[in-house]
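J.: give me a model of this one.
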Amino acid sequence: NGVLPLTKEAFWNKDESTVAVFGNQASTPTVGGGGSGEVTPSWLPTPLATIHATLAQADYGVESDNVFFGGDDSTVGEMKRLASKADVCFFYMATSASEGGDRDNLSLDEDTYVSDVAPSCAKSVAVVTTPGAILMPWADQVDAILVNFMPGVAAAFATMDVVVGDVNPSARLPITMPMVENQEGFTTEQYPGLDDALNSTYTEKWAFGGWVVWSDAAAPRYGYQPPPLPHPKPQATATTTCTTSSRASGLARVCRTLTSSSTLTLSPGTRRTR
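T.: Predicted structure coming up:
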């Protein structure tokens, strides 16, 4: 909806700007899953402190009087009051996963208040950390959603780089986001890989491969364009275009196609599609 990027010049560097931050994930963030690969970081920057420092135009650790925080234990009424005071709201939510079992459901751990609070925000951004597909019943109530999956120790800084427009997310969804739990009514007999598994058609919340990029001020800064829904029968067409630069200084460039193991060797400045 044109909310992101929220640039420093247009918002963060203005003394009168105000921000409301909601969710314990802003102060104690989840940045990875559990199991044998779990690592406890020696230092974990938080989204809340990063927002404070960005709005204060100062180093990490400096706080701004114009940042209001409501944790998961705040009442909806308290959150609405904070939201009404702010120019923009940030909702931080997460769920995690570990070895040895599946998640019980596709819901986030603490997000039931978002649908009630978001309408009180002038602008709103949801930041979601998840190991996979999730349900977002509040999606139509917020203006923008950032899904960083399992982002790692520097998640707070990386997310802010995207929010302010210093980094173009150039994002494509690697998965399909469902609309309800077990949307297709799958049973154990339909697990992927079984010889008798049934093909299913579906309607997703957002499709695999949907994208969003930041563009210049003359064009929309936010875009989402899901690809066509998959054919009910296995069918795929791939086209690879290989282009070399005239600045390649005479060096040949090699491009491997998506449709076979063959390669194309091109001279500098030439183009071929197959």
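
J.: so W138 touches S115, yeah?
T.: Yes: counting by C-beta atoms under 8 Å, W138 touches S115, with 4.3 Å between them. Where C-beta positions appear, they are placed from N, C-alpha and C, glycine not excepted.

J.: who has more neighbours out of the two?
T.: W138 (21 against 15; other C-beta atoms under 10 Å).

J.: the more buried one: what's it in contact with?
T.: 111, 114-115, 118, 126 (C-beta atoms under 8 Å, 6 or more residues apart in numbering).

J.: need the three-state assignment for R81.
T.: Following DSSP: H, G, I helix; E, B strand; the rest coil, R81 is assigned to helix.

J.: what does the pLDDT read for it?
T.: R81 carries a pLDDT value of 98.

J.: and if you look at the one 3 residues further on?
T.: What the model reports for S84 is a pLDDT of 97.

J.: got a list of what the residue nearest to N1 when sequence neighbours are not counted touches?
T.: Nearest non-adjacent residue to N1, counting by C-beta to C-beta, 6 or more residues apart in numbering: D143, 4.4 Å away. By C-beta under 8 Å, 6+ apart, the residues touching D143 are 1, 3, 123-125.

J.: what would the residues you listed look like in CSV with pLDDT, distance to N182 and secondary structure?
T.: Conversion of the contacts of D143 to CSV gives the following (pLDDT from 0 to 100; distance: C-beta to C-beta, whole Å; DSSP: H, G, I helix; E, B strand; the rest coil):
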residue, pLDDT, distance to N182, secondary structure
N1, 71, 30, coil
V3, 92, 32, coil
K123, 97, 34, coil
S124, 97, 29, strand
V125, 97, 29, strand
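
J.: now do the helices in this structure.
T.: Remark: helices assigned in the chain by DSSP state H are 47-56, 76-85, 114-117, 155-163.

J.: make CSV out of those helices and add distance to F69.
T.: Listed next are the helices of the chain as CSV, based on distance: least, C-beta to C-beta, whole Å:
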stretch, distance to F69
helix 47-56, 6
helix 76-85, 8
helix 114-117, 13
helix 155-163, 14
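
J.: out of these, nearest to F186?
T.: Shortest distance between F186 and these, using C-beta to C-beta, is found for helix 114-117: 27.2 Å.
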